[in-house]
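> predicted model and sequence below, questions to follow.
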Amino acid sequence: MAHMTAILRQKLRQRLQHWLAKKFTDNTSFQLNHGTLLVFPTRYGFWFVALFVLLYLLGTNYQNNLILLLGYLLLSVFILSIWFAWRNLAGLTIQVSPPAAIYAGQQVQLPLKVQQPAFYQAVQFAFGPAKIKLSSSQQALLQWPAAKRGQYRIANVLVQTEYPLGLIRCWSYLPLRLHYWVYPTPLEPSTLSAGADAKADSSQQSAVELPDQLKAYQAGDSIRRLHWKRLARQPDAPVVKVSEQQPKADPRWLQVPPLQGAALEQCLSEVCYQLLELEAKQLSYGLRTPAGDLPLGQGPLHLQQCLQRLALC
Amino acid sequence: MLNQQRFFQLAPALQLLLIVLLLPAWQGWSLALLLVLNAMAWLQAYQKIPVLSLRLVNVIAAIAVVILLLAIRQLGSMNFLMHILLLSALLRLLALSRQSEARQLIWVQYFILGCSFLFHQSMAMAVLIFSVTALNLLLQYLLFAEQLPSRKQLAADSRFVLLLLPLWLGSFLLFPRLAPLWQLPSAQQATTGLANEIEPGTIEQLVQSNATAFRVRFDSELPAQAERYWRAKVFEQFDGRRWSVQQNFHRSSRVPRSSESAELVHYQVIAEPSFQRAVFSLGTPVRWGQELEPLAAGLLRTNRPISQRISYQLSSALQPVPLTDDNERRWNLVTGNHNARSQQFANELLAAHPEPHHFAGAVLEHFRQHEFYYTLNPPLLGRHSVDDFLFESRAGFCSHYASAMALLMRQAGIPARVVGGYLGGDWYPEQQYLLVRQRDAHAWVEYLVDDVWHPVDPTAAIAPERVLDGLDSALSADDMALLGRSLFGEMPLFAQLRLQLLHLDYYWSVWVLGFNQQRQDALWQSLRQFFRHWQQWLLAILLLCTLLLVILAGYRWQRKQPPSLSQQLIKAIPQLSTRPPQSSLSHALSLLAESNAHEQLLLKQIAHWYERSVFASDKSAQQRLLLLLQQQKHRLKKLSAIQQGSE
């Protein structure tokens, strides 16, 4: 039974949201007026009407005009509060900006800006579990914690008020079509995995055979940097690879192997950290994921693309 | 919540007011309990004690309900319900921790306020109760609002709050009314007015009270002073000292029929709550409404005890009441075993005047001639009260005389009874109503001759001023002092004020409390008459439209945006409007400064404040700019325009 009512209410809500979406003309700046506001008594409002009925019966049975007068007073207050609830929201223009991308574990912040604040108060904004109440302020932030990474969609934000007496609810759904990204939390890679990744890196590096800078072996050079293949061919002229001194020209590839579950999350977090580091050092980087590769690049836009790819992994 | 602290400080105050309003319902011990709980709520408001847990509150509630159930017989069902209601409200406040609980509390408090109207209907109390309702509304507002509205908002809102009045009064006047659907328990309180027994001393006590007993509006001519005998109770049983109403007085009887030639008096009685069912009537009632039912001896009674101010309409013939039950003859001849000397005296008198009317006249003559006094403070009488009165003290109040006369007539073989009620009252010719107070209480005699009960008032023989002018003129100065009529009450200004309040109270009773089904039907009728003609329809619609337009216009005007800063600047310096199209205001100001070398400093200042307020969002700079523009108006007007052609 409760399940059925929940489903019915869900359906009704979706219907209303759909209907309201058609009424709003502008996609970024939402004007609340008689065409876009809904008004209905709250549950407490219905109790109030029940109180009026009780008082009416009491006054009738005792033939007491003063009890009837009190009942009519409460009924008039109920009717008048319809007007006041509506007036609290009417005329407001709400602008919603897309929320900035954040990392998992942080709070998503949805900036709201209310224009024409001609004395309003106690207006609630809600999206999912996040709620705030505004009174006469121009700007506010609706925030909620982002637990998991990914791309999320904000469909409808509820704007409602029960001012002044909690009897009548005036509300609307703002049809936002916004997306926001939650990137994996950057985690500093531990040495073990760093080794593993480094190995992967170097193997990638050798596999690619980038144009090498070679020089003759001198005492004191690291043995690891010996070009072993050439040594096999020319045993008495060891050649050492020299790493690129200019940071910009040395690309680093980051890979996300096809893992599952916690291991995947761990890997993604570490890759994210490394991406941020590389970007901070102004090195160029590329990303290899099971879903596809991102070519080398550098800069905030490239970073964003990489992070987004990570979020979707 | 707006201001939690304020809510928790106002709520106990409101509950204390509720306790005071329902004072008639409490017993001593229950009042103490309620006050203790209220004191705990006060302590909570100032954080002296914490919020009580729900379990503790439930335990207290259970104990209280058990005690109340044990005392339910003493309380009566209505008072029991009041106890339950107020206890739940008090305990709810003590355990309040969530907003939903606060809502329930406010709901219950509204209901309690409605019930308090069962105990008080006067105008002053109605004003008080509506003020407490406003306080409850404020509490509800505190629960759902976030700020107190600013002055501007209050001014704008007050226009719409005024809409409340026509909505409220209109629904009261026009909403359909129903007859009572079912019986509900009424409040139990001590009865006021004449009791069911009368003995030497009762009426003297009743007369000490200045309280209103009832008011009367006459739809026909006002009867003469001597005819305003209001019958309330008929006392037929006598035990030597005390007269009392018969046990089976509610016997249904033949409805007395008046002769067609009699003139009828039509009147409406507005009775104060007396918690009895006695109805005050003149003469022989002939027609009455359905809220009354007939009793014996030409009396009527209400369906339920009068626990609140009600009004009923009657038509009476100013005639002696006829015999309604043959047994009345027998019942009203019982003389008892006392008062032997009176019996002897009665026999003597009967021998001299065998005819009943003459006998009555002779008794009155006896009173007149043998130095009988009319006083509020007569000597005490013993078991043979009539003997003592007739032959020893010879001083008494109306009940002494009535008692003596009725007994003498019974002893002479003439059925007689004592009638208790009210005599006279204050007539206010401007307001057209008669005010009868408890101090107009009176007792007189009726005796049976030819199947008709003839009234006779022995007081008329002793103190005719009582009948003609009212009690004050019949009493001596000592007695007046006894009644406590002090100089203070007689000060003209104070007396005038009291009188005006009295009249106001009367209008309140008639218009507000007395608005019933008939009145509403009459209102609908007159409205229908009014709207019969199309011109009046048109007028009404036009009026409504203009009203709406006025409200809308005011609303629009309120919402208009104030001019922006740049607009204000251009308004103050009109020369700026001729600036080249692409230049900003700052640039235009500098151009203007170039053209007006002598005002450069001023213009530079203006430009500086303007830039600060626009680009640095400096509110103080904006205020300074506006002030500067205001002060230097005359200098700015004299500026010459921007020279065209300068870049």
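Good, I have the coordinates.
> can you tell me the centre-most residue of chain B?
B:Ser122 (1.5 Å; C-alpha atoms, centre = their mean).
> so for that residue, what's the pLDDT?
On pLDDT, B:Ser122 comes in at 86.
> find the nearest non-adjacent residue to it, please.
Spatial nearest neighbour of B:Ser122, chain neighbours left out: B:Asp505 (6.4 Å); criterion: C-beta to C-beta, 6 or more residues apart in numbering or on different chains. Where C-beta positions appear, they are placed from N, C-alpha and C, glycine not excepted.
> please report the distance of B:His454 from B:Ala351.
Shown here: B:His454 relative to B:Ala351, a distance of 22 Å by C-beta to C-beta, to the nearest Å.
> what about the two, which has more around it?
Taking other C-beta atoms under 10 Å in any protein chain shown, B:His454 and B:Ala351 do not tie; B:His454 has more neighbours (17 against 9).
> residues contacting that one?
By C-beta atoms under 8 Å, 6 or more residues apart in numbering or on different chains, the contact list for B:His454 reads B:Pro320, B:His357, B:Ala360, B:Glu446, B:Tyr447, B:Leu448.
> of these, which one scores lowest on pLDDT?
B:Pro320 (87).
> quick check: it touching B:Ala262?
No. Between B:Pro320 and B:Ala262 there is no contact under C-beta atoms under 8 Å: 10.8 Å.
> by proximity to chain B, which residue of the stretch 201-313 of chain A wins?
Distances between the stretch 201-313 of chain A and chain B by C-beta to the nearest C-beta are smallest at A:Pro300, namely 27.8 Å.
> by proximity to chain B, which residue of the stretch 151-300 of chain A wins?
Counting by C-beta to the nearest C-beta, the stretch 151-300 of chain A gets nearest chain B through A:Gly166, at 4.1 Å.
> any idea how far the closest residue to that residue other than its chain neighbours lies from A:Gly91?
Closest residue to A:Gly166 apart from its sequence neighbours, by C-beta to C-beta, 6+ apart: B:Phe144 at 4.1 Å. Separation of B:Phe144 from A:Gly91 (C-beta to C-beta): 20 Å.
> and these two? Which one has more around it.
Taking other C-beta under 10 Å, B:Phe144 and A:Gly91 do not tie; B:Phe144 has more neighbours (23 against 15).
> and the more buried one, what does it touch?
By C-beta under 8 Å, 6+ apart, the neighbours of B:Phe144 are A:Ala122, A:Glu162, A:Tyr163, A:Pro164, A:Leu165, A:Gly166, B:Leu2.
> repeat that with 6 Å
Taking C-beta atoms under 6 Å, 6 or more residues apart in numbering or on different chains, we find B:Phe144 in contact with A:Glu162, A:Leu165, A:Gly166.
> could you check how far A:Asp221 is from A:Lys241?
Distance from A:Asp221 to A:Lys241, by C-beta to C-beta: 10 Å.
> do A:Arg13 as well
On the measure of C-beta to C-beta, A:Arg13 and A:Lys241 end up 64 Å apart.
> for B:Leu497, same thing?
114 Å.
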